[in-house]
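K.L.:
Let's see this in three dimensions:
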Amino acid sequence: MPQTIATTLEYAQQKDREDELQGFRSRFYFPTAQGREMLYFCGNSLGLQPRQAAEFLQQELADWRELAIGGYWQARNPWMTYPQSLRPALSRIVGCLEDEVTVMNALTVNLHLFFRLGLWLASGSDDSVRVAGSSGITWLRV
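P.N.:
You can find the predicted model right below:
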């Protein structure tokens, strides 16, 4: 038998009060329009800005400024170990074990792999790979 859900404002406000995640709301900035907070429903974006984002970014910028390449090992949050520190959260998101997921590559590696793919495509690789690769290259407009 289908469950009926009340559609009154009072019911919605009651459910809001009972929401175990309601404390997270204060961790984000909400844009305003005409002096009122806007409702935010866009799922295909960065989302609302966390209030701590600027602090976190400033820390990374300071480490980059003061340490340059040394930030890979000496930064407050060493860049080289990001993949390991992100694995627990990523495994929960993806639904796998921690040793089954990683974050990989830096810009230099990604560029190397991209150009290597281009050379491979130019060498006459298998048709399906060539089609997939060329559509990616066309999309990137390179």
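K.L.:
So the spatially most central residue of the chain versus residue 105, what's the distance?
P.N.:
When C-alpha atoms, centre = their mean is applied to the chain, the residue found nearest the centroid is residue 46 (7.3 Å). Per C-beta to C-beta, to the nearest Å, residue 46 is found 21 Å from residue 105. For every residue, glycine as well, the C-beta is placed using N, CA and C.
K.L.:
swap in residue 20?
P.N.:
37 Å.
K.L.:
higher neighbour count, the two?
P.N.:
residue 105 (12 against 6; other C-beta atoms under 10 Å).
K.L.:
Just give me the neighbour total for residue 75.
P.N.:
19.
K.L.:
got a list of what it touches?
P.N.:
60, 63, 64, 67 (C-beta atoms under 8 Å, 6 or more residues apart in numbering).
K.L.:
6 Å instead, please
P.N.:
63, 67 (C-beta atoms under 6 Å, 6 or more residues apart in numbering).
K.L.:
All the strands of this protein, residue numbers only.
P.N.:
32-33, 36-37 (DSSP state E).
K.L.:
how far away is the closest residue to residue 31 other than its chain neighbours from residue 30?
P.N.:
Leaving aside its sequence neighbours, residue 31 sits nearest to residue 38 (C-beta to C-beta, 6 or more residues apart in numbering; 5.0 Å). When distance is defined by C-beta to C-beta, residue 38 is 6 Å away from residue 30.
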